[in-house]
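Trainee: Need coordinates for the below:
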Amino acid sequence: MPLTRGRGGVQAALVAFDLLRLNGDDLRPIEARREALMRLIAKRRSDGILFGEALAAEGAVVFAKACKLGLEGIASKRQGSFLQERAKPELAQDQKPGFR
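Mentor: Here you go, the predicted structure:
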């Protein structure tokens, strides 16, 4: 089902940035997951799902820019890192204070 209109008739899209498993296969490290996700999204471009490009920059700089753009926050992960199923994930999330 394509994402075409959100509330109020505004066009909506989903931005995907990670793919943990594909057809039951564990995809590690993050570069392999993102490559598989990019290929999957490219096949279905018209479904309203976009690939979230990675930024090779200092996290604080990216977070400050996201806040200036009015975005909720960022999610980040080190290149070459592996997803581990444990209590303390490698994924860092920074959220703008007071964002609604």
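
Trainee: Next one: Phe51 relative to Gln95, how far apart?
Mentor: 22 Å (Cβ to Cβ, to the nearest Å). C-beta coordinates here come from the backbone N, C-alpha and C atoms, glycine included.

Trainee: swap in Ile41?
Mentor: 25 Å.

Trainee: from memory Glu72 sits against Pro97, does it?
Mentor: No: counting by Cβ atoms under 8 Å, Glu72 does not reach Pro97; the two are 10.8 Å apart.

Trainee: out of these two, which sits in the more crowded spot?
Mentor: Glu72 (12 against 6; other Cβ atoms under 10 Å).

Trainee: as a whole number, average confidence for stretch 37-44?
Mentor: The pLDDT scores in stretch 37-44 average 90.

Trainee: same question but for stretch 60-71, I mixed them up
Mentor: 90.

Trainee: roughly how far is that stretch from the heart of the chain?
Mentor: Counting by Cα atoms, centre = their mean, to the nearest Å, stretch 60-71 is centred 15 Å from the centre of its parent chain.

Trainee: now swap in stretch 52-66 and tell me
Mentor: That offset, for stretch 52-66, works out to 12 Å (Cα atoms, centre = their mean).

Trainee: how about it: buried residues?
Mentor: 63, 66 (16 or more other Cβ atoms under 10 Å).

Trainee: Where does Cys67 sit, in terms of helix or strand?
Mentor: helix 59-68 (DSSP states H and E).

Trainee: neighbouring contacts of that helix?
Mentor: Helix 59-68 is contacted from outside by 55, 72-74, 76, 92, 94, 96, using Cβ atoms under 8 Å, 6 or more residues apart in numbering.

Trainee: same thing but at 6 Å, please
Mentor: 55, 74, 76, 94, 96 (Cβ atoms under 6 Å, 6 or more residues apart in numbering).

Trainee: any idea how far Ala42 is from the third one?
Mentor: Ser76 sits at a distance of 23 Å from Ala42 (criterion: Cβ to Cβ).

Trainee: Residue nearest the middle of the protein, spatially speaking?
Mentor: Phe17 (2.5 Å; Cα atoms, centre = their mean).
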